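> My questions concern the predicted model and sequence given below.
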Amino acid sequence: IHQLDTLTSWLVAIGEIESCETNSGSDRLCMCGFTYDFMSQSVKKNQRNFRCSRKDAGCRSVIYISIDSNGYKGSNYAEHNYPPNYHHTKRLLVLQKVKDRVLLEPTPVTRIIEDEYIKNNLNNEDRCHFLLPQAQGKKNFCN
């Protein structure tokens, strides 16, 4: 039996915080294989509150981020009810870079996708979670 087979909850891991957006344009954070969506903020407390993106699966984890430094401040101590997915978060972050470049550059979408795949050193395991550049371009960036 693997350890993951027996675990039923995973602690909020603290690490590098990276930003991307949801499909609706809201702020999303990626940290240690988990994603968190913006909920609210308190200027008085100098914090933004982000809820685990898997709330549909019943996950109740919430993290608090400093407005000033964009650094981790704490959590509600609720553990995740699913394991981290590093490939999913990497895919979201790479696609965010692609979207940002598509809006700014005249470069063909497929070329931008290829560039970002190369820049982000996708290994064989990562590649299983990414579409080929032409398919990705048609899926996300064509009308």
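Right, received. Where do you want to start? Numbering: from 1, shown residues only.
> Show me the shaky parts of this structure.
1-9, 11, 132-143 (pLDDT under 70).
> Break it into its domains for me.
Following automatic domain parsing, the chain resolves into domains at 3-75, 86-141.
> Turn these into CSV, including mean neighbour count.
Placement of C-beta: from N, CA and C, glycine included. Shown next, in CSV, are the domains of the chain (neighbours: other C-beta atoms under 10 Å):
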stretch, mean neighbour count
domain 3-75, 15
domain 86-141, 15
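> Okay, helices next: where are they in the protein?
3-6, 86-104, 109-119, 124-127, 133-141 (DSSP state H).
> Now do the longest one: everything it contacts.
Contacts with helix 86-104, where a contact means C-beta atoms under 8 Å, 6 or more residues apart in numbering, come from 18-21, 28, 30, 33-35, 107, 109, 112-113, 115-117, 120, 122, 125-126, 128-130, 136, 140-141.
> Now do it against helix 109-119, angle only.
Orientation check (axes from the mean of the first three to the mean of the last three C-alpha atoms, to 10 degrees): helix 86-104 against helix 109-119 gives 140 degrees.
> re the thing from before, which one of the helices of the chain lies nearest to N46?
For these, proximity to N46 was assessed by C-beta to C-beta; helix 86-104 is nearest, at 25.5 Å.
> Pull the closest one out as PDB, backbone CA atoms only.
In PDB, the C-alpha atoms belonging to helix 86-104 read as follows (Å, rounded to 0.1, in the frame of the first residue of the first chain):
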ATOM      1  CA  TYR A  86       1.800  19.600  -9.300                       C
ATOM      2  CA  HIS A  87       1.200  18.900 -13.000                       C
ATOM      3  CA  HIS A  88      -2.200  20.700 -12.900                       C
ATOM      4  CA  THR A  89      -0.800  23.800 -11.300                       C
ATOM      5  CA  LYS A  90       2.200  23.800 -13.700                       C
ATOM      6  CA  ARG A  91      -0.200  23.600 -16.600                       C
ATOM      7  CA  LEU A  92      -2.300  26.500 -15.300                       C
ATOM      8  CA  LEU A  93       0.800  28.700 -14.800                       C
ATOM      9  CA  VAL A  94       2.200  27.900 -18.300                       C
ATOM     10  CA  LEU A  95      -1.200  28.600 -19.900                       C
ATOM     11  CA  GLN A  96      -1.400  31.900 -18.000                       C
ATOM     12  CA  LYS A  97       1.900  32.900 -19.500                       C
ATOM     13  CA  VAL A  98       0.700  31.900 -23.000                       C
ATOM     14  CA  LYS A  99      -2.500  34.000 -22.500                       C
ATOM     15  CA  ASP A 100      -0.500  37.000 -21.400                       C
ATOM     16  CA  ARG A 101       1.800  36.800 -24.400                       C
ATOM     17  CA  VAL A 102      -1.100  36.200 -26.900                       C
ATOM     18  CA  LEU A 103      -2.600  39.500 -25.800                       C
ATOM     19  CA  LEU A 104       0.600  41.400 -26.300                       C
END
